[in-house]
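In: structure for this input, please:
(one chain, ligands or ions: 2)
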Amino acid sequence: MKRNGYISWDEYFMGVALLAAKRSKDPNTQVGACIVDSNNIILSTGYNGFPYGCSDDLYPWEREGEDTKYNYVVHAELNAILNARGKNLKGARLYVDLFPCNECAKAIIQSGIAEVVYLYNKYADSEATRASARMLQSAGVKLRQFKTDTETIVLDFKANA
Ligand SMILES: O=c1[nH]c(=O)n([C@H]2C[C@H](O)[C@@H](COP(=O)(O)O)O2)cc1CO
Ligand SMILES: [Zn+2]
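Out: Ligands and ions are numbered 1, 2, ... in the order given. Next comes the predicted model:
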């Protein structure tokens with residue numbers, strides 16, 4: 001008989017998104033994304049970070065001041081789309097922990113992604129989030145908040161040692 005306690009597809013892919021977010025160097029908000037096809041095969045992942053060649057130690061991670069991270073950072077969702085390297089994303093699902101901004105929504109729509117699953121929406125009141133939701137809805141992209149009874153998934157590197 002099969003074992004109990006295995007994770008769902010949704011938990012698996014949101015888990016991958018959260019794991020990707022752990023690669024982020026952003027001291028304030030770490031975002032991760034995972035794109036999967038209709039067969040539940042992972043097509044790409046991404047997290048928020050500076051473009052290739054733009055050093056995390058030389059570019060600013062500050063939120064305020066003369067020069068901020070906002071000028072340079074590539075969002076997790078866009079990175080995941082670009083990391084797919086031109087693969088066909090039509091009908092794919094995108095898992096992301098933070099609700100996508102309006103710029104990512106444009107890329108999501110244009111790449112043919114059919115559904116966005118997000119975990120939380122901490123900037124729900126912002127103009128960018130409202131514009132994003134509006135465009136996603138107009139384009140017919142399904143939008144769903146991730147729900148689960150599983151609070152944590154533990155990864156134990158020492159489990160088989
Ligand atoms: O959809 C998003 N995806 C994404 O990767 N980000 C990134 C950009 C920044 O590095 C960080 C947001 O920073 P902050 O919360 O400090 O404003 O998250 C931000 C958004 C915007 O909501
Ligand atoms: Zn974005």
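In: pretty sure residue 146 is touching residue 94, no?
Out: No: using C-beta atoms under 8 Å, residue 146 is not in contact with residue 94, being 11.7 Å away. To be clear about C-beta, it is placed using only N, CA and C from the backbone, and glycine gets the same treatment.
In: tell me the SS of residue 97?
Out: Three-state call for residue 97 (DSSP: H, G, I helix; E, B strand; the rest coil): strand.
In: apart from its neighbours in sequence, what residue is nearest it?
Out: Setting aside the residues directly before and after it, residue 97 is nearest to residue 119 in space (C-beta to C-beta, 6 or more residues apart in numbering), at 4.3 Å.
In: check which helices and strands the helix or strand where that neighbour lies sits against.
Out: Following DSSP states H and E, one finds residue 119 within strand 115-120. Using 3 or more C-beta pairs under 8 Å, 6 or more residues apart in numbering; DSSP states H and E, the elements in contact with strand 115-120 are helix 9-21, strand 93-98, strand 142-145.
In: out of the ones you listed, which is closest to residue 84?
Out: Nearest of the helices and strands packed on strand 115-120 to residue 84, taken as C-beta to C-beta: strand 93-98 at 10.4 Å.
In: what does that closest one rub up against?
Out: The contact list for strand 93-98 (C-beta atoms under 8 Å, 6 or more residues apart in numbering) reads 10, 13-14, 16-18, 21, 29, 31-36, 76-77, 80, 100, 108, 113-123, 146.
In: can you say which of these are buried?
Out: Listed as buried from the contacts of strand 93-98 are 10, 13-14, 16-18, 21, 29, 31-36, 76-77, 80, 100, 108, 113-119, 146; burial here means 16 or more other C-beta atoms under 10 Å.
In: next, the residue nearest the centre of the chain: secondary structure please.
Out: In the chain, the C-alpha nearest the mean C-alpha coordinate belongs to residue 33, at 2.3 Å (C-alpha atoms, centre = their mean). Taking three-state DSSP as the rule, one finds residue 33 in the strand state.
In: which residues does it bridge with?
Out: residue 46, residue 96 (DSSP bridges).
In: any idea how far ligand 1 is from it?
Out: 8 Å (C-beta to the nearest ligand atom, to the nearest Å).
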